[in-house]
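> Mind folding the following:
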Amino acid sequence: MKNLIMICSLVLVGQIANAGGFVEPYIGYANSKLEGTFIPALGGTSTESKVKGPVLGLRAGYQFVLPWVALEVSQFNGEDDSSPSNDVKGTDIGVTAGLSLPIVRPYAGYVFSSKTEVGSTEYTGTAMKVGVGFGFLPLVHLNVELINTEFKEINGNDIGVFFSDLKSKTTAFTISYVF
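Just a heads-up that it's a prediction; the model follows:
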């Protein structure tokens, strides 16, 4: 019983010490699947492309004992699976909120500005994301994220000119350091 009380007090005191501002850079690797359906006037066929490459990002926010909220910016630089392959660059800006629990750190976010360039074509839209971080070392987290992006514009034009829908599903594996 005495050991249990000591462990609980260490966890709670450690969480109180974490209250305040934080910066969390991260680096990792992402796999995406871009799916769309052309409008009937363009044949109505489905298209699918797979994209993979490194991701680099930064969260800056405030920790309230257990919950936290942050502004997040991430960049992706990879290539698709077409032949010949196209360079793919992406930038996401959004907000993320989560809980800092011992070992596990679940979070969710909304990306209000998602831009993806495939060759000379720029897609813009919004995204929702969920993730979980695992902290095996102090301040270091291994993160897994699922990001669903819905594109709304192509080169500044409404997506409906070309596609009935265009979505991207991304799985990202990152390592982050919170300070």
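
> can you give me the strands for this structure?
Under the criterion DSSP state E, the chain contains strands at 20-38, 46-63, 67-80, 87-99, 104-118, 121-137, 140-154, 157-158, 163-177.

> Now tabulate those in TSV and tack on mean pLDDT and mean neighbour count.
C-betas here are computed from N, CA, C, even on glycine. Putting the strands of the chain into TSV (pLDDT from 0 to 100; neighbours: other CB atoms under 10 Å) gives the following:
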stretch	mean pLDDT	mean neighbour count
strand 20-38	95	16
strand 46-63	96	16
strand 67-80	97	18
strand 87-99	97	18
strand 104-118	97	17
strand 121-137	95	16
strand 140-154	97	18
strand 157-158	93	10
strand 163-177	95	17
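
> how far out from the middle of the chain is stretch 63-76?
Here stretch 63-76 is found 11 Å from its chain centre; the criterion is CA atoms, centre = their mean, to the nearest Å.

> Residues contacting it, please?
Here stretch 63-76 makes contact (CB atoms under 8 Å, 6 or more residues apart in numbering) with 15-16, 18-22, 24, 26, 30, 53-62, 88-101, 107, 109, 116.

> swap in stretch 40-59?
22-38, 70-82, 88, 96, 118, 162, 164, 172, 174, 176.

> contacting residues for K129?
G94, T96, A108, G109, Y110, V111, E145, L146, I147, N148.

> Show me what the residue nearest to L142 when sequence neighbours are not counted bridges to in the sheet.
Nearest residue to L142 in three dimensions, chain neighbours excluded: F134, at 4.9 Å (CB to CB, 6 or more residues apart in numbering). Taking DSSP bridges as the rule, F134 bridges to V104, L142.

> got it, and Y110?
V95, M128.

> can you check the one 4 residues further on too?
Here S114 shows beta-bridge partners D92, G125, assigned using DSSP bridges.

> how much space is there between it and Y177?
25 Å (CB to CB, to the nearest Å).

> next one: Q75
17 Å.

> Also V51?
Relative to Y177, and taking CB to CB, V51 is found at 26 Å.

> now do A108
21 Å.

> For V161, report the pLDDT, please.
At V161, the model reports a pLDDT of 87.

> so what's it closest to, chain neighbours aside?
I154 (7.3 Å).

> Might you report the residue contacts of that neighbour?
When contacts are counted by CB under 8 Å, 6+ apart, I154 touches T121, E122, Y123, V161, F162, F163, L166.
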